[in-house]
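sequence and predicted structure are below.
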2 protein chains.
Amino acid sequence: MPGQLVNASVIAATFKDEIKSVIAEKGISPKLVGFLANDDPAARMYADWTAKTFAETGLTYELREVDKKELESALVEANNDTQVHGIMIYYPVFGDRQDHYLQSCVSEKKDVEGLCHKYIYNMYHNVRFLDDPVAEKKCIIPCTPLAVVKVLEYVGVYNKILEYGNRLHGRTITIVNRSEVVGRPLAALLANDGAKVYSVDIDNVQEFSRGDGLKLSRYHAADTTFKLEDVLPLSDVVITGVPSPNFKVDTSLLKEGCIAVNFSSAKNFNPDVRDRASLYVPSIGKITIMMLERNLLRLHDYYST
Amino acid sequence: MPGQLVNASVIAATFKDEIKSVIAEKGISPKLVGFLANDDPAARMYADWTAKTFAETGLTYELREVDKKELESALVEANNDTQVHGIMIYYPVFGDRQDHYLQSCVSEKKDVEGLCHKYIYNMYHNVRFLDDPVAEKKCIIPCTPLAVVKVLEYVGVYNKILEYGNRLHGRTITIVNRSEVVGRPLAALLANDGAKVYSVDIDNVQEFSRGDGLKLSRYHAADTTFKLEDVLPLSDVVITGVPSPNFKVDTSLLKEGCIAVNFSSAKNFNPDVRDRASLYVPSIGKITIMMLERNLLRLHDYYST
């Protein structure tokens, strides 16, 4: 009997319902402004899809197309506009360090993507709240890594009996992708939640963990001599994000009953993955966009009410 | 009669004397910690040279060699150590976006290199003070661009009769280099001070300026159809930073009586440059390190007294 296929739309629906009821109850319609300053058809598709999803949920979305040289000024204007509650930029804009600079130019009060330095720093340093010790305002987490966390919560990898912050203790998770945008932050997030994470890229395998007995308050990363084929059989969860149709995880190496999650637009698992995996989540895009909505609601709640 | 050769050590000496007298008068010895986490011999050489220069001036310098995986933790420790007044990192560490992230991890109270987001943002946005409207605490400016500004002040390109902030009004300056580390920030700084700047890289020539009559409060950058050979004859000042021994400015294209400044470790001007230039500054390294000391004193003054 093959493992269970879990469609992202099922998970996304739980968030959509929750968001709809919150905005109905409060009578609000927070506004997100998306800045498009490139000619990338994929960015425009994502913008169109955001507009559609926001309309369905009852949130406001406005696309602003600007020349990349005008983007920074347009951004400052939106930062200062009280009618705008969230801001996102479709990257790449310049495709270099200027893009990283732009990420931190988005006001932390409107940064729905969680990409400004403060949020990224807090994420890596396992700082979970903006208002310690009151601890009512959670930090904003980037949407794609957050969507993966929500998948893992949904499919039961997070153990709710354990203390908040330690709910992945005992889990071994492999992530094939160590990009600065998704793979490395995700490895840090999951390790900060207590998992032992093998972070795999083309160069090597790193281990991210808080050590035996979670002795560290935040993750530590170390090189290993492992290869992908060494860590796959050890992993309760295998998460892939390789943007190539040619990369496929060797199903025969997967631990029997593991959980397979793919966040790449390419299919990184073979069709027979469910011969070994108990649960398979082939894509997460629909959940990612719910995280965008959720982050917007959160910032609206923190700073506009 | 050839143009005048201006040695960086002459300009550097004026700052060294000033710094020595300030620390003698106040009886202080602010401490800079440099983090070395790579095997780059050039970085070590720069570290050794920093140690030597600091000892000569009477400032304290400590080199901390750490594994790059431990750098972030070591940095946090130094951020929190009241005995440390300034912090610098020898880049590259990871050689990618993580380096940009690290730049913003240095506390703005100790960021002698002026590379954290706040200082970079303020520089591009022509925000000069940390404490508007009191305006007693100037923002920290990255050392190399600042050294070029000091060269231009020394050789009289800045017109002291004009209002502070507009003292390059009327000057046309070409900068051959548009790196994120020096060329682009420098173009922004000089344009914010009122110059019309032609910023040249391998792709094109951009014009940075505040417009006719300095109508803009900060620079605007626009592509042009010019080439290097078009803008050289228009330029009162030509500043070069091409890290290649093969790149040479064609002396015959220089405006008669212009000022030539090279910040590359390679010599970007031909030996005959003084046939056209009235003043030639072949290197600026010694001034750069004085700016490092000056930034350290400034941060010590702002935050530790």
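That came through fine. Numbering: from 1, shown residues only, chains lettered A, B, ... in the order given.

OK, contacts around the closest residue to A:Tyr46 other than its chain neighbours?
Spatial nearest neighbour of A:Tyr46, chain neighbours left out: A:Tyr90 (6.7 Å); criterion: C-beta to C-beta, 6 or more residues apart in numbering or on different chains. For the C-beta atoms, the positions are set from N, CA and C on the backbone; glycine is no exception. Applying C-beta atoms under 8 Å, 6 or more residues apart in numbering or on different chains, one finds that A:Tyr90 lies in contact with A:Gly34, A:Phe35, A:Leu36, A:Ala37, A:Asn38, A:Asp40, A:Ala43, A:Arg44, A:Tyr46, A:Ala47.

and the residue of the stretch 201-305 of chain A nearest chain B?
A:Ala221 (5.9 Å; C-beta to the nearest C-beta).

now that residue: which helix or strand?
strand A:220-223 (DSSP states H and E).

please name the strands paired to that strand in the sheet, noting orientation.
strand A:205-209 (antiparallel) (DSSP bridges).

which residues touch stretch A:213-230?
A:124-126, A:166, A:169, A:174, A:176, A:187-188, A:191-192, A:194, A:197-200, A:204-211, A:250, A:253, B:69.

chain center to that stretch, what's the gap?
21 Å (C-alpha atoms, centre = their mean, to the nearest Å).

in that stretch, which residues are buried?
By 16 or more other C-beta atoms under 10 Å in any protein chain shown, the buried positions in stretch A:213-230 come out as A:Leu214, A:Tyr219, A:Ala221, A:Phe226, A:Leu228.

per-residue pLDDT, the last one?
Predicted confidence (pLDDT) for A:Leu228: 98.

same question for the first one.
You'll see A:Leu214 listed with a pLDDT of 91.

cool, A:Gly257 as well?
89.

repeat that for A:Gly95.
Reading off the model, A:Gly95 has pLDDT 89.

from A:Phe269, how far out is it?
Distance from A:Gly95 to A:Phe269, counting by C-beta to C-beta, to the nearest Å: 30 Å.

tell me where the stretch 1-150 of chain A has strands.
A:4-5, A:31-36, A:60-65, A:86-89 (DSSP state E, counting those that start in this stretch).

just those: most buried one?
Mean neighbours per residue, mean count of other C-beta atoms under 10 Å in any protein chain shown, is largest over those for strand A:86-89, with a mean of 26.

which other helices and strands does that strand contact?
strand A:31-36, helix A:71-80, helix A:285-303 (3 or more C-beta pairs under 8 Å, 6 or more residues apart in numbering or on different chains; DSSP states H and E).

show me the contacts for A:Asp131.
Applying C-beta under 8 Å, 6+ apart, the residues contacting A:Asp131 are A:Lys137.

same question, the one 4 residues further on
For A:Ala135, the contacting residues are A:Arg128, A:Phe129, taking C-beta under 8 Å, 6+ apart as the criterion.

got a pLDDT number for it?
92.

the residue nearest to A:Leu146 when sequence neighbours are not counted: what's it in contact with?
In space, A:Leu146 comes closest to A:Met291 once its chain neighbours are excluded; the distance is 4.6 Å by C-beta to C-beta, 6+ apart. Residues near A:Met291 by C-beta under 8 Å, 6+ apart: A:Phe15, A:Ile141, A:Cys143, A:Thr144, A:Leu146, A:Ala147, A:Lys150.

please tell me how far the closest residue to chain B within the stretch 151-300 of chain A sits from A:Thr172.
Closest residue of the stretch 151-300 of chain A to chain B, C-beta to the nearest C-beta: A:Glu180 (4.4 Å). With the distance defined as C-beta to C-beta, A:Glu180 ends up 23 Å from A:Thr172.

ok, A:Asn80 next?
Distance from A:Asn80 to A:Thr172, by C-beta to C-beta: 47 Å.

which of those two has more neighbours?
Taking neighbours as other C-beta atoms under 10 Å in any protein chain shown, A:Asn80 and A:Thr172 compare with A:Thr172 leading, 19 against 9.

for the more buried one, phi and psi?
Here is the backbone geometry of A:Thr172 (degrees, to the nearest 10): phi -110, psi 130.

so it is in contact with A:Asp236, correct?
Yes: with contact defined as C-beta atoms under 8 Å, A:Thr172 and A:Asp236 form a contacting pair (5.3 Å).

quick one: contacts of stretch A:108-123?
With C-beta under 8 Å, 6+ apart, stretch A:108-123 has contacts from A:32, A:78-79, A:84-89, A:103-104, A:106-107, A:127-128, A:130, A:139-143, A:146, A:185, A:188-189, A:192, A:292, A:295-296, A:299, A:302-303, B:101, B:104-105, B:117.

could you do stretch A:237-245 as well?
Contacts for stretch A:237-245 (C-beta under 8 Å, 6+ apart): A:148, A:152, A:157, A:171-177, A:179, A:182-183, A:186, A:232, A:247, A:249, A:254, A:258-269, A:277.

so A:Arg178, which state does it fall into?
coil (DSSP: H, G, I helix; E, B strand; the rest coil).

setting aside sequence neighbours, what's the nearest residue to it?
A:Asp201 (4.0 Å).

then A:Gly285?
A:Ala8 (6.5 Å).

A:Gly194 now?
A:His169 (3.6 Å).

what about the one you found, neighbour count?
16.

same check on A:Ser283?
Residues near A:Ser283, counting by other C-beta under 10 Å: 16.

wait, A:Asp193 sits on A:Glu163?
No: counting by C-beta under 8 Å, A:Asp193 does not reach A:Glu163; the two are 10.6 Å apart.

these two: which is more packed in?
Neighbour count, other C-beta under 10 Å: between A:Asp193 and A:Glu163, A:Asp193 has more, with 25 against 10.

and that one, how far is that from A:Arg218?
11 Å.

buried members of the contacts of stretch A:237-245 into ChimeraX, please.
Of these, the buried ones go into a single ChimeraX selection, burial set by 16+ other C-beta under 10 Å:
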select /A:148,152,157,171,172,173,174,175,176,177,182,183,186,232,247,249,254,258,259,260,261,262,263,264,268,269,277
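
so which of the contacts of stretch A:237-245 are in helices?
Taking DSSP state H, the ones among the contacts of stretch A:237-245 that sit in helices are A:Val148, A:Leu152, A:Gly183, A:Leu186.

any idea of the pLDDT on the nearest residue to the second one once chain neighbours are set aside?
Setting aside the residues directly before and after it, A:Leu152 is nearest to A:Tyr158 in space (C-beta to C-beta, 6+ apart), at 5.8 Å. Residue-level confidence at A:Tyr158 comes out at 93, pLDDT.

what about A:Tyr158, how many residues nearby?
19.

was I right about it contacting A:Gly194?
No: counting by C-beta under 8 Å, A:Tyr158 stays clear of A:Gly194, with 9.4 Å between them.

between those two, what contacts are shared?
A:Arg167, A:Leu168.

re earlier: may I have the strand holding A:Ala221 as CSV, with CA atoms only?
C-alpha atoms of strand A:220-223 as CSV (Å, rounded to 0.1, in the frame of the first residue of the first chain):
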residue,chain,number,x,y,z
HIS,A,220,25.2,25.2,15.7
ALA,A,221,26.3,24.2,12.2
ALA,A,222,29.2,21.9,11.5
ASP,A,223,30.7,20.3,8.4
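
could I get the average pLDDT for it?
95.

what is the end-to-end distance of stretch A:173-182?
End-to-end span of stretch A:173-182 (C-alpha to C-alpha, to the nearest Å): 15 Å.

which residues touch that stretch?
By C-beta under 8 Å, 6+ apart, stretch A:173-182 touches A:142, A:144-145, A:157, A:183-184, A:186-187, A:190, A:195-201, A:206, A:228, A:231-232, A:234-242, A:247, A:249, A:263-264, A:268, B:96-98, B:101.

which among the residues you listed end up buried?
A:142, A:144-145, A:157, A:183-184, A:186-187, A:190, A:195-201, A:206, A:228, A:231-232, A:235-242, A:247, A:249, A:263-264, A:268, B:97-98, B:101.
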